[in-house]
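S.K.: return atomic coordinates for the entry below.
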Amino acid sequence: MEIQITLQKEDWKQYQSYIEKELPKHLKTWMDSPWINMLIWMVIAFVFLSIFNRHSTFHWFTAISVSVFFILISTLFIFNMFKIRRAFEPSDQGTFCGSHKFTFDDSGINSEGRGYKGTQSWEIVKKIERAQGMIMIYLDTTYAYVFPESKLEDPDGFYKYISERYSNVTSKASGTSQSGAPS
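M.R.: Residues are numbered from 1 along each chain as shown. Take a look at the predicted model:
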């Protein structure tokens, strides 16, 4: 199967927003538990109330200054997130934006674009995913070939085709490791 596709910055932004939402789900720790977060915030509130409520009256200046401090930190965090997002956008002269030709067969994926040619075996594919109007072939944690469904003639047929090729390789690999001999 051969696919000719032209990718633009909007396609990258769609992929990047998806990765930003999905990656934290896979890296959760005990600190991400809502119960732990609630406990931490209760301790912080208790400490603030203990320190700032030594006198019987409410001190507005202290409350306003602490609020302004946290608002400024939050604003800086949001602006830095936008700067980081823009820093990771692909350049117009790079390899993401532009026309790409992909050839899929039983041996792997051949890709060709402006200034590059590549061949990847199905054995290095980590997973194939279909989400938010994109079909993604992951070669690493976040490195993936991105195929916006709006730019494919038959997204269902394409997804079925690459899923079959990938499942053929994974079933052969699991058959070899389970029995000890090639299947």
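S.K.: in the lengthiest strand in the chain, what's buried?
M.R.: Using DSSP state E, we find that the single longest strand of the chain is strand 98-105. Neighbour-count burial for strand 98-105 flags 98, 100, 102, 104 (criterion: 16 or more other C-beta atoms under 10 Å). Placement of C-beta: from N, CA and C, glycine included.
S.K.: for those, give me CSV that also has pLDDT and distance to residue 73.
M.R.: Shown next, in CSV, are the buried residues of strand 98-105 (pLDDT from 0 to 100; distance: C-beta to C-beta, whole Å):
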residue, pLDDT, distance to residue 73
98, 88, 40
100, 92, 42
102, 94, 45
104, 92, 48
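S.K.: list the contacts of the strand or helix carrying residue 166.
M.R.: Here residue 166, judged by DSSP states H and E, is contained in helix 155-179. Contact with helix 155-179 is made by 1, 3, 104-106, 121-123, 125, 128, 130, 135, 137, 147, 149, 152, 182-183, as judged by C-beta atoms under 8 Å, 6 or more residues apart in numbering.
S.K.: now do it: distance to the chain's middle.
M.R.: Put simply, helix 155-179 sits 23 Å off its chain's centre (C-alpha atoms, centre = their mean, to the nearest Å).
S.K.: what mean pLDDT does that helix get?
M.R.: For helix 155-179, mean pLDDT rounds to 78.
S.K.: angle of it against strand 98-105?
M.R.: On the basis of axes from the mean of the first three to the mean of the last three C-alpha atoms, to 10 degrees, helix 155-179 is oriented at 50 degrees to strand 98-105.
S.K.: list the buried residues in helix 155-179.
M.R.: Across helix 155-179, burial judged by 16+ other C-beta under 10 Å covers 155, 158-159, 162, 165-166, 169.
S.K.: what does stretch 129-148 give?
M.R.: Those would be 130, 134-139, 144-148, for stretch 129-148 by 16+ other C-beta under 10 Å.
S.K.: what's stretch 138-152 in contact with?
M.R.: Residues outside stretch 138-152 that contact it (C-beta under 8 Å, 6+ apart) are 3, 5-7, 11-12, 14-15, 19, 23, 102, 109, 111, 120, 124-129, 133-137, 155, 158.
S.K.: could you list which of those belong to strands?
M.R.: 3, 5-7, 102, 109, 111, 120, 127-129, 134-137.
S.K.: now, which of these sits nearest residue 64?
M.R.: Nearest to residue 64 out of those is residue 134 (C-beta to C-beta; 45.8 Å).
S.K.: and the closest one, how far from residue 11?
M.R.: Taking C-beta to C-beta, to the nearest Å as the measure, residue 134 falls 8 Å from residue 11.
S.K.: and what of residue 32?
M.R.: Counting by C-beta to C-beta, the gap from residue 32 to residue 11 is 30 Å.
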